[in-house]
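> Sequence unavailable; structure follows:
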């Protein structure tokens, strides 16, 4: 199983970044794919979750309206479009795969990609 994130980097406040998560080694439509983030000194938190088989989507309140999660089942890839970035969005972002739902149980983690937002 592999989850490979890309697209992180440096952005200014108000800017945008798009993260990608290329997955392999499991049946994509059988899993909920999510994004978690962890800032220094803070707990890891769920950002967004998507299950392509039934279209279920969930966002944390702190990103709702600014971030959009989407998927391409043909490419086994999930995206996180991040708009109107704020300095507090600075964190390492992890792609996850869950056989149930993201916040209930994470079965696989990616290696993480750093997002840094400057004010």
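Great, that's in hand. None of the values given here were measured: they were computed from a predicted structure. Residues are numbered from 1 along each chain as shown.
> Spatially central residue in this protein, please.
The central residue of the chain, meaning the one whose C-alpha is nearest the mean C-alpha position (Cα atoms, centre = their mean), is residue 35 at 2.4 Å.
> Tell me the bridge partners for residue 97.
Under DSSP bridges, the beta-bridge partners of residue 97 are residue 33, residue 108.
> typed the wrong thing, it's residue 50
With beta bridges defined as DSSP bridges, residue 50 has these partners: residue 33, residue 57.
> Give me the phi and psi for residue 89.
Summarising the backbone geometry of residue 89 under the convention degrees, to the nearest 10, its torsions are phi -80, psi -10.
> That one is in contact with residue 83, isn't it?
No. Contact between residue 89 and residue 83 fails when scored by Cβ atoms under 8 Å: they sit 10.5 Å apart. Just so you know, the C-beta spots here come from the backbone N, C-alpha and C atoms, and that holds for glycine as well.
> higher neighbour count, these two?
With neighbours defined as other Cβ atoms under 10 Å, residue 89 and residue 83 compare such that residue 89 has more, 22 against 14.
> Can you tell me, leaving aside adjacent residues, what's nearest to the more buried one?
For residue 89, ignoring the flanking residues on the chain, the nearest one in space by Cβ to Cβ, 6 or more residues apart in numbering is residue 117 at 5.1 Å.
> Just to be sure, the one you found is in a strand?
Yes. Judged by DSSP: H, G, I helix; E, B strand; the rest coil, residue 117 forms part of a strand.
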